[in-house]
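>>> I'll drop the sequence and a predicted model, then ask my questions.
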Amino acid sequence: MKWDEFFVTGEPMIYGAMASIVLVSVAIVVGLTYFKKWGYLWREWLTTVDHKRIGIMYIIAALLMLFRGGMDGLLMRGQLARPENGLLDAQHYNEIFTTHGVIMILFMAMPFIIGLMNVVVPLQIGARDVAFPRLNAVSFWLFFFGAMLFNISFVIGGSPDAGWTAYFPLASNEFSPTVGINYYAIALQIAGIGTLMTGINFIVTIIKMRAPGMSLMKMPMFTWSVLITCVIITFAFPVLTIALALMTVDRLFGGQFFTMANGGMDMLWANLFWVWGHPEVYIVILPAFGIYSEIISTFSKKNLYGYTSMVVSMVAISALSFLVWAHHFYTMGHGAMVNGIFSITTMAIAVPTGVKIFNWLFTLRKGKIQFTTPMMYSLAFIPIFTVGGVTGVMLAMASADYQYHNTMFLVAHFHYVLIPGTVFAVIAGMYYWFPKLFGFRLNERQGKLTFWVIAISFNVTFLPLFFLGLKGMTRRMYTYSAETGFGPLNLIASIGAVGLAIGFGLLVYNIYWSFRYAPRDTTGDPWDARTLEWATHSPIPDYNFAITPKVQSLDCFWNMKKGKEKLFEDELEEIHMPSNSGQPFILGVIFFFLGFALVFSWWVPAIIGGLGVLVMLGIRTFERDHGYHIPVSEIKKTEQRLRGETV
């Protein structure tokens, strides 16, 4: 490969990205060296198996990817606001809307959700960690290095350019001859393996590690949503794994699975992708429903209305999510019978979703509502998500979809579902559980200002797209003439996108400001919450609970605060904890090396990388890890310190 084919050149933005990567990397190395933090970084973070630290790393990675994907969105809106200025040419626009979709779904929404899962679920079920702590670390590092492999395509080799769905034949070597789609196939494969491990890990954790007395129907709603989500993950992600493996064979070894000739079938890819892709929507939505359930109950000062119906509706959603995938290609040649069946299942899935909306509304009814920052995101979610759901029912009608399909109406619909349904939820969840991690709350005044900027800017950005779609503007269109009349609405949407960028900037500033100036308080429950995770200290000690809690009811912690139950009656005992390990991080580095070699078909380095993976797995197979014990005396000292007492 020639040098100019290896590094992407010829665009000022590319040179700027290269320069920023180099400068940031140098700054990090210099900073860690100057402050002598290399040892701390290795001991406390890169080798950690603590579910809380892994959750924090997931959230930090998600915020970085929010910035990366947001820049793609701003570039698209900048191009569409004034296409005559030529900010992006057709090729770079294709690359940017492809990476925007992949990053926002797989490398922003997913890790943010998984980060909150890691932090909260063991605390809600009274466990000291997940079932397989080291596997949890492997899951994170595979996700992280998969995301990094995908992102370097921007400057090395070229980004994928066939859309986030990578439909064939667009994704074939004939129509995408660069290595961009190779990055797509291999990076998503590496990150997807990590996600599949996470799903299995949390199913085992929730089923086997609940506190004594916590039956399934006494679990908090967020834990229920995570359990159902992880079941979807274990069924859906193997489909993506197989599809990406077949894509890799087609592109690297001349396979014919998705070709237009020689027995291949390009529609096979569309089916496999959406058999995974539509359940993926609910993988990021269902945990968000759990977050909203916790927050609305807490700040309404009421029990969650209709607990059983909430659980049943989530189970129904998970089942129906696997029966709707063909609605993504009504217009691709199916007959009326097939379209009709999938139209019915698609409309049916709106029913259990509607049940949840009414559950939240009845929880709010006659409640003592507190308008905190998490609650404001939760309240805004209900009407905005309802708009997204109603337009989804419109798209579910196969005959009407011939008008809506592949227009900006569809783009508006899925943003009206995913942004309030997931992004609002993870921001609300971060505000809500922040004190458990760090011992202080994010600034409420700044949080409410940020909420209003984001909520208003979101509607200014995406509401005009409904009307653009009805006027006939297709998605993926990078330019248009003035005669179409698309200009004014696109300009409004682009102004809204700038507002969203400002809002997310304010969010990051609030985190920075709060770390520097927010008052610390490690005692009590800052939100007067109801579920078990608030029964431990803020911030949480390494062992989570000094004494394993005994659960007697659904709202056991609330009842304990009211004097109706006693959770902690046992004496302190020595606690066993898993020890840190550098193997997950090293395994992630080797997978990155292997993936990079495969992208460019460098077979010798790829073989070396594959052998490295096998060696690391072999080492782990024969390794004995006995962990370490925390003596009672040390537990007493930690408890005193966290209560603010003199040790």
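Structure's in. What do you need? Residues are numbered from 1 along each chain as shown.

>>> just the CA trace of the one helix or strand residue 24 maps to, in PDB.
Element membership for residue 24, per DSSP states H and E: helix 12-34. Only the C-alpha atoms of helix 12-34 are listed here, as PDB (Å, rounded to 0.1, in the frame of the first residue of the first chain):
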ATOM      1  CA  PRO A  12      -8.000  20.500   6.000                       C
ATOM      2  CA  MET A  13     -10.300  18.700   8.400                       C
ATOM      3  CA  ILE A  14      -8.300  15.500   8.200                       C
ATOM      4  CA  TYR A  15      -5.000  17.400   8.800                       C
ATOM      5  CA  GLY A  16      -6.700  19.100  11.700                       C
ATOM      6  CA  ALA A  17      -7.800  15.800  13.200                       C
ATOM      7  CA  MET A  18      -4.300  14.300  12.800                       C
ATOM      8  CA  ALA A  19      -2.800  17.400  14.500                       C
ATOM      9  CA  SER A  20      -5.400  17.200  17.400                       C
ATOM     10  CA  ILE A  21      -4.800  13.500  17.900                       C
ATOM     11  CA  VAL A  22      -1.000  14.000  18.100                       C
ATOM     12  CA  LEU A  23      -1.300  17.100  20.400                       C
ATOM     13  CA  VAL A  24      -3.800  15.400  22.800                       C
ATOM     14  CA  SER A  25      -1.600  12.200  22.900                       C
ATOM     15  CA  VAL A  26       1.500  14.200  23.700                       C
ATOM     16  CA  ALA A  27      -0.300  16.300  26.300                       C
ATOM     17  CA  ILE A  28      -1.600  13.100  28.000                       C
ATOM     18  CA  VAL A  29       1.900  11.500  28.100                       C
ATOM     19  CA  VAL A  30       3.600  14.600  29.300                       C
ATOM     20  CA  GLY A  31       0.900  15.200  32.000                       C
ATOM     21  CA  LEU A  32       1.100  11.600  33.300                       C
ATOM     22  CA  THR A  33       4.800  11.700  33.400                       C
ATOM     23  CA  TYR A  34       5.100  15.200  35.000                       C
END
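
>>> what does the helix or strand that that helix is followed by contact?
Downstream of helix 12-34, the first helix or strand assigned by DSSP H and E is helix 38-41. The contact list for helix 38-41 (Cβ atoms under 8 Å, 6 or more residues apart in numbering) reads residue 32. Using the backbone N, CA and C atoms, a C-beta is placed for each residue, glycine as well.

>>> cool, stretch 270-279 as well?
Taking Cβ under 8 Å, 6+ apart as the rule, stretch 270-279 contacts 165-168, 232, 235-237, 239-240, 242-243, 246, 318, 321-322, 324-329, 332.

>>> that older thread, and the helix holding residue 24, what's buried?
14, 17-18 (16 or more other Cβ atoms under 10 Å).

>>> I'd like the average pLDDT over it.
Mean per-residue pLDDT for helix 12-34: 81.

>>> in terms of secondary structure, what does it contact?
Packing partners of helix 12-34 (3 or more Cβ pairs under 8 Å, 6 or more residues apart in numbering; DSSP states H and E): none among the helices and strands.

>>> helices of the stretch 351-500 of the chain, residue ranges please.
Remark: helices assigned in the stretch 351-500 of the chain by DSSP state H, counting those that start in this stretch are 373-396, 398-404, 408-418, 424-438, 444-470, 487-517.

>>> now render those as CSV, adding mean pLDDT and mean neighbour count.
Shown next, in CSV, are the helices of the stretch 351-500 of the chain (pLDDT from 0 to 100; neighbours: other Cβ atoms under 10 Å):
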stretch, mean pLDDT, mean neighbour count
helix 373-396, 95, 20
helix 398-404, 89, 16
helix 408-418, 95, 22
helix 424-438, 95, 25
helix 444-470, 96, 19
helix 487-517, 95, 17
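
>>> how about the ones you listed in JSON lines, adding distance to residue 147?
Below are the helices of the stretch 351-500 of the chain laid out as JSON lines (distance: least, Cβ to Cβ, whole Å):
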{"stretch": "helix 373-396", "distance to residue 147": "25"}
{"stretch": "helix 398-404", "distance to residue 147": "32"}
{"stretch": "helix 408-418", "distance to residue 147": "18"}
{"stretch": "helix 424-438", "distance to residue 147": "16"}
{"stretch": "helix 444-470", "distance to residue 147": "24"}
{"stretch": "helix 487-517", "distance to residue 147": "18"}
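
>>> nearest to residue 634, of these?
Closest approach to residue 634 among the helices of the stretch 351-500 of the chain (Cβ to Cβ): helix 424-438, 21.5 Å.

>>> quick one, that closest one and helix 408-418 angle?
30 degrees (axes from the mean of the first three to the mean of the last three Cα atoms, to 10 degrees).

>>> other SSEs contacting helix 424-438?
helix 51-81, helix 110-125, helix 266-300, helix 373-396, helix 444-470.

>>> for the nearest residue to residue 148 once chain neighbours are set aside, pull up the helix or strand it's in.
Spatially, and ignoring its direct neighbours in sequence, residue 148 is nearest to residue 592 (6.5 Å; Cβ to Cβ, 6 or more residues apart in numbering). Residue 592 belongs to helix 583-599 when elements are defined using DSSP H and E.

>>> what's next to the helix or strand just after that helix, contact-wise?
Next helix or strand after helix 583-599 toward the C-terminus (DSSP H and E): helix 603-621. Applying Cβ under 8 Å, 6+ apart, the contact partners of helix 603-621 are 134, 583, 586-587, 590-591, 593-595, 597-598.

>>> in helix 603-621, what counts as buried?
606, 609-610, 612, 616, 620.

>>> need the max-distance pair from these.
606 and 620 (21.7 Å).

>>> quick revisit: of all the helices and strands packed on helix 424-438, which lies closest to residue 172?
helix 266-300 (8.3 Å).

>>> pLDDT of that closest one, averaged?
94.

>>> let me know the secondary structure of the closest residue to residue 158 other than its chain neighbours.
Nearest residue to residue 158, sequence neighbours excluded (Cβ to Cβ, 6+ apart): residue 178, at 4.3 Å. Under DSSP: H, G, I helix; E, B strand; the rest coil, residue 178 falls in the coil class.

>>> may I have the phi/psi pair for residue 178?
phi -80, psi 180 (degrees, to the nearest 10).

>>> how close does it sit to residue 105?
22 Å (Cβ to Cβ, to the nearest Å).

>>> can you give me the domain boundaries for this structure?
1-36, 37-581+625-642 (automatic domain parsing).

>>> can you redo the helices and strands packed on helix 424-438 as JSON lines with distance to residue 505?
Listed next are the helices and strands packed on helix 424-438 as JSON lines, based on distance: least, Cβ to Cβ, whole Å:
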{"stretch": "helix 51-81", "distance to residue 505": "9"}
{"stretch": "helix 110-125", "distance to residue 505": "17"}
{"stretch": "helix 266-300", "distance to residue 505": "23"}
{"stretch": "helix 373-396", "distance to residue 505": "16"}
{"stretch": "helix 444-470", "distance to residue 505": "9"}
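
>>> rewinding a little: and the contacts of helix 603-621, which is closest to residue 75?
For the contacts of helix 603-621, the nearest to residue 75 is residue 595 (26.0 Å; Cβ to Cβ).

>>> residue contacts, the closest one?
If a contact means Cβ under 8 Å, 6+ apart, then residue 595 has 145-146, 149, 186-187, 189-190, 609 as its contacts.

>>> cool, residue 460 as well?
Residues in contact with residue 460, defined by Cβ under 8 Å, 6+ apart, are 492-493, 495-496, 499.

>>> out of the domains of the chain, flag the one nearest residue 602.
domain 1-36 (9.1 Å).

>>> thought residue 73 was touching residue 497?
Yes: using Cβ atoms under 8 Å, residue 73 is in contact with residue 497, at 6.1 Å.

>>> what's the neighbour count on the residue nearest to residue 158?
Close neighbours of residue 178, defined as other Cβ atoms under 10 Å, add up to 18.

>>> that one against residue 156, yeah?
No: using Cβ under 8 Å, residue 178 makes no contact with residue 156, being 11.1 Å away.

>>> check the domains of the chain for me and report the most buried one.
Among the domains of the chain, domain 37-581+625-642 has the highest mean neighbour count (mean count of other Cβ atoms under 10 Å), at a mean of 19.
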